[in-house]
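J.: Next come a sequence and a model predicted from it.
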Amino acid sequence: MPTTDVLPITPTPTATPTWEQLHMWWAEMHADPEDLRTAFSDFSPTELEAFLSQDLLLVLFHSGQTLIAAAWLHDLVRDAYGNPTDGWIGGWVAKPFRGRTGGVCWQMALAYFAQHGVHHIHSAINVDNRPSFVFTKRLMAFTVVGVFPQLSQFGGVLTDVHILTLHPEDRDRAWQRAEAMAHQRWPERYSLFQTQVDFTASTALTSVK
């Protein structure tokens, strides 16, 4: 991920973008498929309308008419009153702003999500997408939880992902959310995987005894 930042520039959040702004962002984001190869999994919608039909929170960032970034929370978890409590963060930053300006946008996005009551924010990143992993860990100050085996699929290939979370105290929570996602995506395979893990753990305990 190049960091050809062009500060000074002041990003402005756009929480209710127009259709024109949405289409402009979507087209620009998908203009370079190679740029998204390890960023968006096979589960990510490829059409804007399908993307917007999900249960998510979305905010764009502009400077004047210049599009800088987009950030969203997907796979939201809601409480009994319908209020979002947890979400998985996704996003995109225009190439000229992938540095300090992008970092500023992400901090503003986290504040925006907090204003909507979402304080438990997690991230799942393809293990081959090191630039995003470093960006999330360093500039966004997320805590690394671990690597979840074959949680997602990229280009038809089951892929391990890094699990990170915004707050260190949410490490167990993030892993549990990842397990829930795995069970939802791969119920049969995940049940077998979980059985194998339980069997291995049981065997290890028996050996210790």
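T.: All right, it came through fine. All values derive from a computational prediction rather than experimental measurement.

J.: Determine how far the helix or strand hosting F133 lies from the middle of the whole chain.
T.: Element membership for F133 (DSSP states H and E) is helix 130-134. Using Cα atoms, centre = their mean, to the nearest Å, the mean C-alpha position of helix 130-134 is found 12 Å from that of the whole chain.

J.: Which helix or strand lies directly C-terminal to it?
T.: strand 143-154.

J.: just checking, what packs against that following strand?
T.: strand 120-126, strand 157-165, helix 171-185 (3 or more Cβ pairs under 8 Å, 6 or more residues apart in numbering; DSSP states H and E). Glycine gets a C-beta too; all of them are placed from N, C-alpha and C.

J.: rewinding a little: give me the buried positions along the helix holding F133.
T.: Within helix 130-134, the residues scored as buried using 16 or more other Cβ atoms under 10 Å are 132-133.

J.: What average pLDDT does that helix get?
T.: The pLDDT scores in helix 130-134 average 93.

J.: ok, residues contacting it?
T.: The contact list for helix 130-134, computed with Cβ atoms under 8 Å, 6 or more residues apart in numbering, reads 1, 38-39, 125-127, 162, 164.

J.: How about I121: which residues does it bridge to?
T.: G87 (DSSP bridges).

J.: Indicate which one of the helices and strands packed on strand 143-154 is closest to P84.
T.: strand 120-126 (9.5 Å; Cβ to Cβ).
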